[in-house]
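K.L.:
give me the fold of what follows.
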Amino acid sequence: MRENLGTNDFENKAVAMISAELFFQSDCGLGEGPVWEAGTLYWTDITGKAIYTRRDDGSVTEKFAMPFEVGSFVLWKDHSLVLATEYGFQSFNLRTRKTAPLSNPEKNLLNNRFNDGKCDPKGRFVAGTLSRIRQPEAALYLFDHDQSVRQLFYPVTNSNGLAWTESGEIFYYIDTASRAVRAFDYDLENGALSNERVVIKIPESHGKPDGMTIDRNGNLWIALWEGWGIECWNPQTGKQIARIEVPVARVTSCTFGGLHYETLLITTARQGLDSAALAQQEFAGSIFRARPGASGYPAVHFRSDSKI
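P.N.:
The predicted model follows:
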């Protein structure tokens, strides 16, 4: 049962209301990091230590067991992924099912793990960490073409959603603890951030901002942990313009997929829900989808100077 969100914002006639439907029933503890590629959805169950794939037509669902928690990943080449894990950046081959360590910039921060991440428009993997003890000791990193790593932003507590405008010149970023979406000018040549500003503030009653994606109109679709949905916000005005209702409380991330990238695919979690909550949210940890009347972009693949 959805809790009282304590606001009339969702009843505002200016906010379009959309309902999500079940795409794939699963029991992910912490479903996250959805990526769409060639008719297949990829996602991670962080606490379940697994990566899943599922064809759009439901014909094939595959589970890849992991030896560690995978916060996010990006597609590469030769059936490989680059992972952001609790032990830093790793490679994973989908055919051999083997992993290999690449770089761990926080090997001395034992209370941290990598969380959300995506490739920037130039194919560099940008991913951030979170503090398991909720301290501002985490950061945002760039894993470059030559496999070097550098810090882009510090400090953060729970690095989460990220997105770039179509031009790549503006970068949007969520540290969940701030309940805000920050914008930065983004240097496409070196990934440097500048001109930080807050463009969206998520009211406490809406839930906690988690993963995020951007549509072709430049609007941001933000997953809300304990918010029972996805909200669309215009970063130019700072106003909410749509909401997707999801029948579970812990909504974690989203990405556009489908033939024309007009379907929003949504990950959720069941982690931390007690038996009473699970009885009311039978599809917690499942994947949902919605047709919000907007479309997104294909995932950018990692581009490396050498073979991993």
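K.L.:
tell me which residue lies nearest the centroid of the chain.
P.N.:
Closest residue to the average C-alpha location of the chain: residue 211 at 3.7 Å, with CA atoms, centre = their mean.
K.L.:
mind checking how far it is from residue 172?
P.N.:
Computed with CB to CB, to the nearest Å, the distance linking residue 211 and residue 172 is 12 Å. Every C-beta, even on glycine, is put in place using the N, C-alpha and C of the backbone.
K.L.:
with residue 29 instead?
P.N.:
27 Å.
K.L.:
now do the contacts for residue 223.
P.N.:
With contact taken as CB atoms under 8 Å, 6 or more residues apart in numbering, residue 223 is in contact with 161, 209, 210, 211, 212, 230, 251, 252, 253, 254, 266, 267.
K.L.:
rerun at 6 Å
P.N.:
By CB atoms under 6 Å, 6 or more residues apart in numbering, residue 223 lies in contact with 210, 211, 230, 251, 252, 253, 254.
K.L.:
now do the helices in the stretch 51-200 of the chain.
P.N.:
Taking DSSP state H, counting those that start in this stretch as the criterion, the stretch 51-200 of the chain carries no helices.
K.L.:
so where's it uncertain?
P.N.:
Residues of the stretch 51-200 of the chain meeting the criterion pLDDT under 70: none.
K.L.:
in its sheet, what does the helix or strand hosting residue 34 sit against?
P.N.:
Under DSSP states H and E, the secondary-structure element containing residue 34 is strand 31-37. Paired with strand 31-37 in the same sheet, following DSSP bridges, are strand 40-45 (antiparallel).
K.L.:
now the strand it pairs with: average pLDDT?
P.N.:
If you average the pLDDT over strand 40-45, you get 98.
K.L.:
residue 152: how many residues sit nearby?
P.N.:
Neighbour count of residue 152, defined by other CB atoms under 10 Å: 18.
K.L.:
hmm, it is touching residue 139, no?
P.N.:
No. Residue 152 is beyond contact range of residue 139, at 7.7 Å (criterion: CB atoms under 6 Å).
K.L.:
surely the residue nearest to the centre of the chain is within a strand?
P.N.:
Yes. Counting by DSSP: H, G, I helix; E, B strand; the rest coil, residue 211 falls inside a strand.
K.L.:
how far away is it from residue 132?
P.N.:
Going from residue 211 to residue 132 by CB to CB gives 18 Å.
K.L.:
same check on residue 27?
P.N.:
Distance, residue 27 to residue 132, using CB to CB: 22 Å.
K.L.:
about what we covered before: so for residue 29 and residue 172, which sits in the more crowded spot?
P.N.:
Relative neighbour count places residue 172 above the other of residue 29 and residue 172, with 24 against 17, counting by other CB under 10 Å.
K.L.:
tell me the contacts of residue 21?
P.N.:
Contacts here follow CB under 6 Å, 6+ apart; on that basis residue 21 touches nothing.
K.L.:
with the one 5 residues further on instead?
P.N.:
Applying CB under 6 Å, 6+ apart to residue 26 gives the contacts 285, 286.
K.L.:
how close does residue 278 get to residue 47?
P.N.:
15 Å.
K.L.:
quick revisit: assign the nearest residue to the residue nearest to the centre of the chain once chain neighbours are set aside to helix, strand or coil.
P.N.:
Leaving aside its sequence neighbours, residue 211 sits nearest to residue 253 (CB to CB, 6 or more residues apart in numbering; 2.6 Å). Assigned by three-state DSSP, the conformation of residue 253 is strand.
K.L.:
what's the burial count for residue 253?
P.N.:
When neighbours are defined as other CB under 10 Å, residue 253 has 29 of them.
K.L.:
pretty sure it contacts residue 268?
P.N.:
No. Using CB under 6 Å, residue 253 makes no contact with residue 268, being 8.9 Å away.
K.L.:
and the pLDDT for residue 242?
P.N.:
For residue 242, pLDDT reads 98.
K.L.:
equivalent analysis for the one 5 residues further on, please.
P.N.:
With respect to pLDDT, residue 247 has a value of 98.
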